[in-house]
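>>> Quick check, what structure comes out for this input:
(2 chains)
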Amino acid sequence: MGVKGGLHTTGAKWFMIESQRHSYHLVDPSPWPISGSLGALATTVGGVMYMHSFQGGATLLSLGLIFLLYTMFVWWRDVLRESTLEGHHTKAVQLGPRYGSILFIVSEVMFLFAFFWASSHSSLAPTVEIGGIWPPKGIGVLDPWEIPLLNTPILPSSGAAVTWAHHAILAGKEKRAVYALVATVLLALVSTGFQGMEYYQAPSTISDSIYGSTFFLATGFHGFHVIIGTLFLIVCGIRQYLGHLTKKHHVGFEAAAWYWHFVDVVRLFPFVSIYWWGGI
Amino acid sequence: MASAAARSGLRSLVARATPARRRMSSSAHDDAYETAKWEKITYAGIVTCTLLAAYNLSKGHPHFDEPPAYPYLHIRNKEFPWGPDGLFEKKDHH
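Take a look at the predicted model:
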């Protein structure tokens, strides 16, 4: 344990690591929880002010977001140092982020389920106010066999690339794993590009009836999850390039891969239920 | 495809959850084989997506007629903080 202390270990800390008789990580005091809370406060207050056109709203919102992003960066930087340089992430400690990631993805499934519920609720028995039909009278819909169909196999292909990266890490093929993650991220970016193009060409907006509301809420939140997953994978790619990930210890990568499989499998639901069935 | 990816994810999840005995049985050779297999699957996916993109994009953009002003369409009760148009709106009416 002590040998993994790394260059940054001070004498006192060295003693503590040496004398530790358990495999848990007792974290040091950190300013990031309170700075994250203040950033979140500024972001919400600034966001409300901006949406109600208050003076200074945009400034407070921007400062809040910058503060929040800074906190995320330095907090995760600290976690990476604790894991890679200080060697605090023992097998017992790794269980924490593992369970945390699984529970987070389960909560994400429930979150997206609500949007598909809203879409099905509105489309299975369309009300008289929208003409009693789905899509509502006057709503132009995208042809599901054009960009929506094109965008559907791109994400599972990206999912195949992340599986390639996973096996490359397990096999100790470090360079191949970097290439595989680059392929994963490129496919993800192409998918986001096509989604943007689709939104630009779409004949309706989020303010066009319950169709627009449910369509853009579900596909927009899915697209947002694709962007988050892409950032997660970019960080994994950089960490793989820097040699942080080993055959036996790559929890961060595994969490990104699980999240990515969740995102690419979920894409099939809007394609079948919203674009295809909901567009007929 | 998606189910295969999910299965592989689940398999690695189980492999991680079970103790060291299980890890010993999957040698580096198996991982090298799987790496090569998924690399080929990725290339097949990229080729399929490229062909589909070429076919789809060659068909050109769809055009839609302006619908009648039904009360449930284009509901805008106040201006956006950034101006009168939505973020992805085409501005052909100006």
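>>> neighbours around the residue of chain B found nearest chain A, how many?
Per Cβ to the nearest Cβ, the residue of chain B with the smallest distance to chain A is residue B:45, at 2.8 Å. Where you see a C-beta, it was placed from the backbone N, CA and C, and this is true even at glycine. When counting by other Cβ atoms under 10 Å in any protein chain shown, one arrives at 22 neighbours for residue B:45.
>>> Now do the contacts for it.
By Cβ atoms under 8 Å, 6 or more residues apart in numbering or on different chains, the residues touching residue B:45 are A:153, A:156, A:157, A:158, A:160, A:161, A:187, B:1.
>>> okay, now residue 50: neighbour count?
Here I'm looking at chain A. Residue A:50: 18 neighbours (other Cβ under 10 Å).
>>> Switch to chain B, please.
Around residue B:50 there are 11 residues (other Cβ under 10 Å).
>>> can you tell me how far the residue nearest to residue B:32 when sequence neighbours are not counted sits from residue A:223?
Spatial nearest neighbour of residue B:32, chain neighbours left out: residue A:171 (4.6 Å); criterion: Cβ to Cβ, 6 or more residues apart in numbering or on different chains. Using Cβ to Cβ, to the nearest Å, we find residue A:171 at a distance of 33 Å from residue A:223.
>>> Could you look up the SS state of the closest residue to chain B within the stretch 1-150 of chain A?
Residue nearest to chain B within the stretch 1-150 of chain A: residue A:138 (3.5 Å; Cβ to the nearest Cβ). Three-state call for residue A:138 (DSSP: H, G, I helix; E, B strand; the rest coil): coil.
>>> from memory residue A:234 sits against residue A:185, does it?
Yes: Residue A:234 lies in contact with residue A:185 (Cβ atoms under 8 Å); the separation is 5.7 Å.
>>> quick one: which of the two has more around it?
Per other Cβ under 10 Å, whichever of residue A:234 and residue A:185 has more neighbours is residue A:185, with 21 against 17.
>>> What are the contacting residues of stretch B:58-78?
A:129-131, A:136-140, A:142-143, A:146, A:201, A:203, A:205, A:207-210.
>>> Mind giving me the PyMOL command for buried ones among those?
Filtering these down to the buried ones (16 or more other Cβ atoms under 10 Å in any protein chain shown) takes a single PyMOL command:
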select buried, chain A and resi 130+131+136+137+138+139+140+142+146+201+203+205+207+208+209+210
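>>> Inside helices: which ones of the contacts of stretch B:58-78?
A:201, A:209, A:210 (DSSP state H).
>>> I'd like those residues as a markdown table, with pLDDT and distance to chain B appended.
Listed next are the ones in helices among the contacts of stretch B:58-78 as a markdown table, based on pLDDT from 0 to 100; distance: Cβ to the nearest Cβ, whole Å:
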| residue | pLDDT | distance to chain B |
| --- | --- | --- |
| A:201 | 86 | 6 |
| A:209 | 92 | 4 |
| A:210 | 94 | 8 |
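>>> May I see the residues you listed organised as CSV, with distance to residue A:78 added?
Below are those laid out as CSV (distance: Cβ to Cβ, whole Å):
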residue, distance to residue A:78
A:201, 44
A:209, 48
A:210, 45
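>>> Just give me the neighbour total for residue 38.
As the question left the chain open, I've gone with chain A. The burial count for residue A:38: 14, using other Cβ under 10 Å.
>>> oops, chain B please
Around residue B:38 there are 24 residues (other Cβ under 10 Å).
>>> Show the contacting residues for it.
A:160, A:161, A:163, A:164, A:167, A:180.
>>> Can you pull the phi/psi pair for residue B:80?
For residue B:80, the backbone dihedrals (degrees, to the nearest 10) come out as phi -70, psi 160.
>>> Show me the domain layout of chain A.
A:28-87, A:89-279 (the TED database).
>>> deepest of these, which one?
Among those, domain A:89-279 has the highest mean neighbour count (mean count of other Cβ atoms under 10 Å in any protein chain shown), at a mean of 19.
>>> now the end-to-end length of that one.
Terminal residues of domain A:89-279 lie 49 Å apart, using Cα to Cα, to the nearest Å.
>>> One more: stretch A:270-280?
14 Å.
>>> outside of it, which residues touch it?
Here stretch A:270-280 has contacts from A:116, A:119-120, A:123, A:134-135, A:141-144, A:148-149, A:152, A:211, A:214-215, A:218-219, A:222, using Cβ under 8 Å, 6+ apart.
>>> now the helices: where do they sit in chain B?
B:2-17, B:20-25, B:28-58.
>>> Ok, the stretch 101-250 of chain A next?
A:147-170, A:174-201, A:209-241 (DSSP state H, counting those that start in this stretch).
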